[in-house]
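Chemist: What follows is a predicted structure for the sequence shown.
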Amino acid sequence: MTILDELAAHARERVAMAKEKISLEEIKALAKSTPARGFAFEEALKVSDVAFICECKKASPSKGLIAKDFPYLEIAGEYEAAGAEAISVLTEPKWFLGSAEYLREIAAAVKIPCLRKDFTVDEYMIYEAATLGASAVLLICSITKKEDLKRYVGICEKLELTALVEAHNEEEIKDALYAGARVIGVNNRNLKDFSVDMDNAKRLRDMVPEGVLFVSESGVSSPADVAVARDMGADAVLVGEALMRAVDKKEKLRKLRGM
């Protein structure tokens with residue numbers, strides 16, 4: 001099994017445990033009773049320059065522990081003050097040391113939209129994201145069957161949640177478009193072996209039609225990387241480790257913007 005397979009398998013275990021506490025029907029009802037989100041995440045990405053989705057991430061399978069001290073509310077506040085368009089919050093607990101509570105607290109504390117970044121393997125996780133205050137969820141093509149992907153995007157539509165549909169190759173871009181994705185992210189990191197190819201997003205950019213927002217994910221660490229994203233016509237970049245390791249996150253984000 002690859003790490004991605006293990007992540008997906010562990011996510012299924014987490015869902016099974018969650019359903020024992022709150023049933024699918026109960027979580028659906030809770031999600032539908034939450035305030036309307038109005039697709040706030042994708043609306044936030046519609047800016048004149050490259051939008052920044054800034055990540056709250058304590059650890060990762062490829063880098064191990066990134067932030068020994070993790071004052072997540074303070075970090076999220078710094079991102080918002082620095083002008084981030086959105087915040088990505090890791091909720092995967094085993095390899096990323098994330099938590100659903102991190103998302104709940106951050107979403108309640110900031111005014112900008114939050115993405116639940118996790119390994120969505122069941123519709124339950126989409127409804128759960130809504131109850132946690134998320135404005136968007138990550139759907140990963142490589143761990144989701146084509147028809148399930150389309151169904152998940154449909155659930156997001158009904159909840160007014162943005163589906164950030166992540167692809168890594170040509171076939172997955174086709175699957176994302178088939179599913180009706182309005183926001184497609186191309187991961188420059190191969191989630192099966194964690195190698196990074198910063199040209200991956202550039203290669204796939206032309207496959208994403210006008211009217212569908214395009215996000216370059218992973219490996220963005222310098223103004224030059226952002227310039228490449230800008231030149232290819234990316235609507236947004238998702239930045240994690242580079243910001244998490246920066247002592248002054250506001251200054252780092254200013255430099256990444258090329259200011």
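Modeler: Great, that's in hand. Every value quoted in this text rests on a predicted model; they were computed, and no experiment measured them.

Chemist: Tell me the pLDDT of Lys19.
Modeler: Lys19 is assigned 98 on the pLDDT scale.

Chemist: Tell me the helices and strands packed up against the helix or strand hosting it.
Modeler: Applying DSSP states H and E as the criterion places Lys19 in helix 3-21. Other helices and strands packing on helix 3-21, by 3 or more Cβ pairs under 8 Å, 6 or more residues apart in numbering; DSSP states H and E, are helix 123-131. (Each C-beta comes from the backbone N, C-alpha and C, glycine too.)

Chemist: With only the CA atoms kept, save the helix it packs on in CSV.
Modeler: Included here for helix 123-131 are C-alpha records, laid out as CSV according to Å, rounded to 0.1, in the frame of the first residue of the first chain:
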residue,chain,number,x,y,z
GLU,A,123,-20.4,11.5,1.9
TYR,A,124,-20.5,11.6,5.7
MET,A,125,-17.3,13.7,5.7
ILE,A,126,-18.9,16.3,3.5
TYR,A,127,-21.9,16.8,5.8
GLU,A,128,-19.5,16.8,8.8
ALA,A,129,-17.4,19.5,7.2
ALA,A,130,-20.5,21.7,7.0
THR,A,131,-21.2,21.2,10.7
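
Chemist: Check the average confidence over it, would you?
Modeler: Per-residue scores along helix 123-131 average to 98.

Chemist: Stretch 72-87 too?
Modeler: Summarised as a single mean, pLDDT over stretch 72-87 is 96.

Chemist: Equivalent analysis for stretch 45-65, please.
Modeler: Taken as a whole, stretch 45-65 has an average pLDDT of 93.

Chemist: now for that stretch, what's the gap between its first and last residues?
Modeler: From the first residue to the last, stretch 45-65 extends over 29 Å; the measure is Cα to Cα, to the nearest Å.

Chemist: Which parts of this structure are strands?
Modeler: 51-56, 59-60, 64-65, 86-90, 114-117, 136-140, 162-167, 183-187, 213-217, 236-239 (DSSP state E).

Chemist: I'd say Cys156 and Leu138 touch.
Modeler: No. Cys156 is beyond contact range of Leu138, at 10.8 Å (criterion: Cβ atoms under 8 Å).

Chemist: Can you tell me what sits against the helix holding Lys19?
Modeler: The set of residues that contact helix 3-21 without belonging to it, under Cβ atoms under 8 Å, 6 or more residues apart in numbering, is 1, 27, 61, 92-95, 118-122, 124-125, 128, 142-143, 191-192, 194.

Chemist: Ramachandran angles for the closest residue to Ala108 other than its chain neighbours?
Modeler: Of all residues beyond its chain neighbours, the one nearest Ala108 is Gly133 (5.9 Å), with distances taken as Cβ to Cβ, 6 or more residues apart in numbering. The phi/psi pair for Gly133 (degrees, to the nearest 10) reads phi 100, psi 10.

Chemist: Where does the prediction get shaky in the protein?
Modeler: When residues are selected by pLDDT under 70, those of the chain lie in 191, 259.

Chemist: again, only using 80
Modeler: Judged by pLDDT under 80, the chain has its weakly predicted residues at 1, 189-196, 198, 259.

Chemist: any idea how far the residue nearest in space to the middle of the chain lies from Tyr102?
Modeler: Among the residues of the chain, the one closest to the centroid is Lys117, at 4.3 Å (Cα atoms, centre = their mean). Taking Cβ to Cβ, to the nearest Å as the measure, Lys117 and Tyr102 are separated by 11 Å.

Chemist: for Lys174, same thing?
Modeler: In terms of Cβ to Cβ, Lys174 sits 34 Å off from Tyr102.

Chemist: Compare those two (neighbour count), which wins?
Modeler: Tyr102 (24 against 14; other Cβ atoms under 10 Å).

Chemist: Now for Lys145, how many residues are close by?
Modeler: For Lys145, the neighbour count with other Cβ under 10 Å is 10.

Chemist: Check Ala18 too.
Modeler: The number of residues packed around Ala18, counting by other Cβ under 10 Å, is 17.

Chemist: Look up how far Ser99 lies from it.
Modeler: Taken as Cβ to Cβ, the spacing of Ala18 relative to Ser99 amounts to 13 Å.
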